[in-house]
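Visitor: Predicted model and sequence follow; I will ask about them next.
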Amino acid sequence: MVFGSFLNVVALRFGKKSIGGRSACPHCRKVLKWHELIPILSFLVQRGKCGNCEAKISYQYPLIELFTGLVFITVPLWMLPVFCIYIVILIYDFHHKIIPDTLVYSVIIISLLFGRHLLAGLIIFTFFALLWLISKGRIIGFGDAKLGLSIGLLLGGAQGFSAIVVAFWIGAIVSLFLMRRKGLTMKSEVPFAPFMILGAWLGMMLNLDLLHVISF
Ligand SMILES: [Zn+2]
C-alpha cells in the first residue's frame, strides 16, 4: 500500500516539470505531515478530508493504495515491475484519456523480455489495432493496442484473452452505470486502459481461461 501511495504521486506528477517536492493538499497547499501520509488509514481517520482546509480528498488515493496492496500479494515477484507501471498507466489514462508512450513502451519491453508470449501479444495487438482503425479511434485508442500487446506478451493466450474479455465486461458495466448516473452518452470518451489493467490482474490472479470455457 505504501508503493501505491508512491505510484499515485508518480502518476499525478508524470510529465510535469517539477517532479520533486513534498506532498501537499492540492486545495490549500498545506504540506502533509507523516501521520497524514499513512496509506488508507490517514484517509479513514480524516474521513476523506484535508486536516487543514477540510477539502475532500479524492477516492483515487485509498483505492489505488488498496489495489496496489492486493497486486503485491497476488502477483508473482517478476511481474511486479510491469504491474507497477500498469497502475501508473491506469491513473494517467483515467485523468488524461491517453497512455504515455514512455510508460507503454517500457511495459512492452519488460513483457517481451520476461513473458515472451509473442503470438498472443500480436493477436491481441492486431485485434485492438483493427478496432482502432475501423472505429477511427472512437471506440479505442492506439495506446490501448500497445497496452494489449504488453498484456498478451506477459500473460500469454489463455490469461491474456481472458483479460481482454473481462476488460470489456467491466467496461460495459461501468459505462452503463455512468450513463444512468451521470448522463453519459454513447459518444462520451471513457478511458479503456483501467479496465484492461483490471482485466489483466484478474486474468492472471484467477488463472482465467475463458477461451477454453467458450470452446468446450
Ligand atoms: Zn487542504
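Guide: Nice, I can see it.
Visitor: so who does Lys22 touch?
Guide: One thing to correct before we go on: residue 22 is Arg, not Lys. Residues near Arg22 by C-beta atoms under 8 Å, 6 or more residues apart in numbering: Val31, Leu32. Any C-beta I mention is one placed from the backbone N, CA and C, and that applies to glycine too.
Visitor: For the ion, see how far away it is.
Guide: According to C-beta to the ion, to the nearest Å, Arg22 stands 14 Å off from the ion.
Visitor: Check the secondary structure at that residue for me.
Guide: Look at Arg22: counting by DSSP: H, G, I helix; E, B strand; the rest coil, its state is coil.
Visitor: buried residues in the host helix or strand of Leu133?
Guide: Using DSSP states H and E, the element containing Leu133 is helix 118-134. Neighbour-count burial for helix 118-134, with 16 or more other C-beta atoms under 10 Å as criterion, is recorded at Ala120, Gly121, Ile123, Ile124, Phe125, Phe127, Phe128, Ala129, Leu131, Trp132.
Visitor: Just the strands from the protein, written as ranges.
Guide: Shown for the chain, no strands are assigned by DSSP state E.
Visitor: Those residues of it touching the ion, which are they?
Guide: When proximity is defined as C-beta under 5 Å from the ion, the chain approaches the ion at Cys25, His27, Cys28, Cys50, Asn52, Cys53, Ala55.
Visitor: hmm, who's touching stretch 160-172?
Guide: Stretch 160-172 has contacts (C-beta under 8 Å, 6+ apart) with 117, 120-121, 124, 127, 148, 151-152, 154-155, 190, 192, 195-196, 198-200, 202-204, 208-211.
Visitor: Of the residues you listed, grab the buried ones for PyMOL.
Guide: This is the PyMOL syntax for the buried subset of the contacts of stretch 160-172, where burial follows 16+ other C-beta under 10 Å:
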select buried, resi 117+120+121+124+127+148+151+152+154+155+192+195+196+198+199+200+202+203+204+208+210
